[in-house]
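Novice: Sequence first, then the predicted structure, then my questions.
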Amino acid sequence: MAKDDYFVIVYRILSYLYDCFRGGDEPDIDLFGPEALKINNGYWTNIMESLSNEGYVTGVTIVPRMGTAPGIKLMNLKITQRGIEYLEDNSKMAKAKDFLKTIKETIPGL
């Protein structure tokens, strides 16, 4: 696994949204957007679209653009019950969590 692996990115996004959900906080794009995750915007857009299509999050709208890749509009973004179950019960999410824990122990400040 790598820091930009799909499942690592999904774990980071869903775990952040779950923390916001539990705390009653509004998600801050600066904390889970492409720059925060150190990935390109196209990859992030595809991931957010996938999370929405799979029913793991709500509040994602795909915005078509002429001559370029579509964009994303986020309004009242929330993790769903299905997203929480995926985060908690999926073996790939468990591997991503373990990977991130190992990286944080190896490289302080990540």
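Specialist: Nice, I can see it. Numbers count the residues shown, from 1 in each chain.
Novice: just how off-centre is the helix or strand of the chain with the lowest mean pLDDT within its chain?
Specialist: None of the helices or strands of the chain scores lower by mean pLDDT, DSSP states H and E than helix 91-106, at a mean of 78. Distance of helix 91-106 from the chain centroid (Cα atoms, centre = their mean, to the nearest Å) equals 15 Å.
Novice: That helix - contacts with which helices or strands?
Specialist: The contact analysis (3 or more Cβ pairs under 8 Å, 6 or more residues apart in numbering; DSSP states H and E) places helix 91-106 against helix 6-23. (Each C-beta comes from the backbone N, C-alpha and C, glycine too.)
Novice: Restrict the helix it packs on to CA atoms and write it as CSV.
Specialist: Output of helix 6-23 as CSV, limited to C-alpha atoms (Å, rounded to 0.1, in the frame of the first residue of the first chain):
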residue,chain,number,x,y,z
TYR,A,6,-7.3,4.3,-3.4
PHE,A,7,-8.2,2.5,-0.1
VAL,A,8,-5.9,4.7,2.0
ILE,A,9,-7.4,7.8,0.6
VAL,A,10,-11.0,6.5,1.0
TYR,A,11,-10.2,5.5,4.6
ARG,A,12,-8.9,9.0,5.4
ILE,A,13,-11.9,10.7,3.8
LEU,A,14,-14.5,8.4,5.4
SER,A,15,-12.8,8.5,8.8
TYR,A,16,-12.7,12.3,8.8
LEU,A,17,-16.4,12.5,7.7
TYR,A,18,-17.3,10.1,10.5
ASP,A,19,-15.5,12.2,13.0
CYS,A,20,-17.4,15.3,11.8
PHE,A,21,-20.7,13.3,11.9
ARG,A,22,-20.1,12.2,15.5
GLY,A,23,-19.1,15.7,16.6
